[in-house]
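**Q** My questions concern the predicted model and sequence given below.
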Amino acid sequence: MKAPNRVKSQPLFIIGAPRSGTTFLCQVLNQHPLIKIKNESRIFVWLKDLIEVRSGRPDLIGYDFHDRFVKFVHDSAGEWIERFYRNGLGLVAPIWGDKTPPYADPTVLSGRKGSIEMLPRSGSCLRLIRSCLPTAKFIHIHRNPGDVAHSLVSKGWIPTIEEGVSVWQQYITEIVDFFDEIDDHCRLTIPYRNLLEKPEATAAALGRFLDLPDWAPIETFLLAQRHSPIPFSEPVTDLSAAYRLRAAHHSNGRGVALAGETAELLGYIARRNGTE
């Protein structure tokens, strides 16, 4: 359980569709003394709005100064955002960051009505984070689209399973496209079920990705959760049952089918070999 490098200041962001286990993963990582992840500061949503919307208002910044102001904010944002986390939020751990599903929402500024995206599409915050913090790492946690859709409907956020799957697809597509643009050492994708069913392997994957000298605290916590799971984000399913192999919820198979190629991309449907 050893990795060769000592950890220095490392920005880290946990992303995924809503109800995919981002809160749980945040708590898992925070068990390690070298890691402190905050829960939804949304600072990059504010920054994106400042750069792309507010700075375009001539009553807020003079037209002649607009381009230089935007460049200055963009170039200097990384340094003062880290100071905010360090000084404003009191984070002293070398690995620091945020868990914020809306960072991956392709309509984060333009908004949505149910699963319908408002136009013009604003795009997510992911590329802004990357440009402001070039050394940032990202962990994408994903969950069965049927489970996500069922959870969204149960929370009253989305009216139908079909719309819930559509929201899942919008987030996943945005994240997958972004991950295709960044280097392998900056990105890690893990299924939610691996936290439950493969704690040792998942702890090792997280530890190696983050260059941790020892990932035992993560592994110990995951193993303990198998016996006494703690609800971190108002689950709509029985957590104890989630740790047991079980038949899928009746909507899960339909949700996976509705997700189609996107579900196949993440391994929820066996890849076709092209010989059909």
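**A** Looks like it arrived, so ask away.
**Q** how about the strands in the protein?
**A** With DSSP state E, the ranges of strands along the chain come out as 10-15, 35-39, 95-99, 112-113, 116-117, 137-142, 187-191.
**Q** what is the mean pLDDT for stretch 112-130?
**A** In this model, stretch 112-130 has an average pLDDT of 90.
**Q** swap that for stretch 80-93, sorry
**A** 94.
**Q** Can I get that stretch in PDB, CA atoms only?
**A** What follows is stretch 80-93, C-alpha atoms only, in PDB (Å, rounded to 0.1, in the frame of the first residue of the first chain):
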ATOM      1  CA  TRP A  80      -7.100  33.300  -5.000                       C
ATOM      2  CA  ILE A  81      -9.400  30.400  -5.200                       C
ATOM      3  CA  GLU A  82      -6.800  28.300  -3.400                       C
ATOM      4  CA  ARG A  83      -6.400  31.000  -0.900                       C
ATOM      5  CA  PHE A  84     -10.100  31.000  -0.300                       C
ATOM      6  CA  TYR A  85     -10.100  27.200   0.400                       C
ATOM      7  CA  ARG A  86      -7.000  27.600   2.500                       C
ATOM      8  CA  ASN A  87      -7.700  30.800   4.400                       C
ATOM      9  CA  GLY A  88     -11.400  31.300   4.100                       C
ATOM     10  CA  LEU A  89     -12.400  27.600   4.600                       C
ATOM     11  CA  GLY A  90      -9.500  26.600   6.700                       C
ATOM     12  CA  LEU A  91      -8.300  23.700   4.600                       C
ATOM     13  CA  VAL A  92      -4.800  22.600   5.600                       C
ATOM     14  CA  ALA A  93      -4.600  19.200   3.900                       C
END
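**Q** Show the contacting residues for Thr173.
**A** Pro106, Thr262 (Cβ atoms under 8 Å, 6 or more residues apart in numbering). The way it works is simple: take the backbone N, C-alpha and C, and place the C-beta from them, glycine included.
**Q** any idea how far it lies from Gly78?
**A** 27 Å (Cβ to Cβ, to the nearest Å).
**Q** Output the lowest mean pLDDT helix or strand found in this structure.
**A** helix 239-242 (a mean of 44; mean pLDDT, DSSP states H and E).
**Q** coming back round to it: okay, the strands of the chain in CSV with mean neighbour count next?
**A** Shown next, in CSV, are these (neighbours: other Cβ atoms under 10 Å):
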stretch, mean neighbour count
strand 10-15, 23
strand 35-39, 20
strand 95-99, 23
strand 112-113, 12
strand 116-117, 15
strand 137-142, 24
strand 187-191, 18
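**Q** Just tell me which of those ends up closest to Pro106.
**A** Between Pro106 and the strands of the chain, the shortest gap by Cβ to Cβ is with strand 116-117, which sits at 6.9 Å.
**Q** who touches that closest one?
**A** Counting by Cβ under 8 Å, 6+ apart, Pro106, Thr107, Ser110, Gln170 sit against strand 116-117.
**Q** Spatially nearest residue to the second one (excluding sequence neighbours)?
**A** Think Thr107. Closest residue in space to Thr107, ignoring its immediate chain neighbours: Glu117 at 4.7 Å, by Cβ to Cβ, 6 or more residues apart in numbering.
**Q** To what extent is the residue lying closest to His66 once chain neighbours are set aside buried, counted in neighbours?
**A** Closest residue to His66 apart from its sequence neighbours, by Cβ to Cβ, 6+ apart: Ser55 at 6.0 Å. Using other Cβ atoms under 10 Å, Ser55 has 17 other residues around it.
**Q** show me the contacts for Ser55.
**A** If you count contacts by Cβ under 8 Å, 6+ apart, Ser55 has them with Ile61, His66, Phe69, Val70, Val73.
**Q** where does the nearest residue to Asn30 once chain neighbours are set aside land on pLDDT?
**A** Nearest in space to Asn30, with sequence neighbours left out and distances taken as Cβ to Cβ, 6+ apart, is Ile37 at 5.8 Å. In this model, Ile37 is scored at 96, pLDDT.
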